[in-house]
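> pasting the sequence and the predicted coordinates here, then a few questions.
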Amino acid sequence: MSTETTSEPTIRVLSIDFDCPDPAELARFYGDALRLPVIYSSDDFILLGREGSPGLGFIRVADYRRPTWPDPAQGKQAHLELGVDDLDAAQARMLALGAVAPSFQPHPDQRRVLLDPAGHPFCISTQS
């Protein structure tokens, strides 16, 4: 019987990465929306974030197919929930940055579903 103490390994999120056709375009959108700087950049991958915190990454995929949400034909692939203080003001800002508002909105008084420039759905919500 061993007397050595084993500990659980530390596991942490480094980044959440999105497939897309144009990493620069998607990084610009989320960088502007969330005020996150670029911390790594190549032709095929851009990482946004701050030292010591998880980042958002954007990976070029040559045969990328946009999600078709709410139609399940091409799944949504990823989904961010972003907290906001004012739904209308936040939606206007995200639309000005290049988001699109689909016509289907399941709970428009509490949350708005928007699509980023690569078609990934994300929500802005006043719920915590």
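Now that the structure is in, tell me what you want to look at. On a predicted model such as this, the values are computed, not experimentally measured, just so you know.

> which residues touch the residue sitting nearest the centre point of the chain?
Centroid check for the chain by Cα atoms, centre = their mean gives residue 80 as the closest residue, at 4.9 Å. Contacts for residue 80 (Cβ atoms under 8 Å, 6 or more residues apart in numbering) come out as 16, 120, 122, 123. Yep, even glycine has a C-beta here, placed from its N, CA and C like the rest.

> at 10 Å what do you get?
Residue 80 makes contacts with 16, 18, 30, 33-34, 56, 114, 116, 120-124, as judged by Cβ atoms under 10 Å, 6 or more residues apart in numbering.

> okay if I get these as a markdown table plus pLDDT?
Converted to a markdown table, the contacts of residue 80 look like this (pLDDT from 0 to 100):
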| residue | pLDDT |
| --- | --- |
| 16 | 90 |
| 18 | 91 |
| 30 | 96 |
| 33 | 94 |
| 34 | 95 |
| 56 | 95 |
| 114 | 93 |
| 116 | 92 |
| 120 | 89 |
| 121 | 88 |
| 122 | 87 |
| 123 | 88 |
| 124 | 88 |
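
> mind jotting down where the strands sit in this protein?
In the chain, the strands defined using DSSP state E lie at 15-20, 38-41, 45-48, 55-60, 80-83, 111-115, 121-125.

> any chance of those strands in TSV, with distance to residue 103 too?
Formatted as TSV, the strands of the chain follow (distance: least, Cβ to Cβ, whole Å):
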stretch	distance to residue 103
strand 15-20	23
strand 38-41	33
strand 45-48	29
strand 55-60	27
strand 80-83	20
strand 111-115	10
strand 121-125	13
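
> could you tell me the least trusted of these?
Looking at these, the lowest mean pLDDT belongs to strand 80-83 (a mean of 84).

> cool, thanks, signing off.
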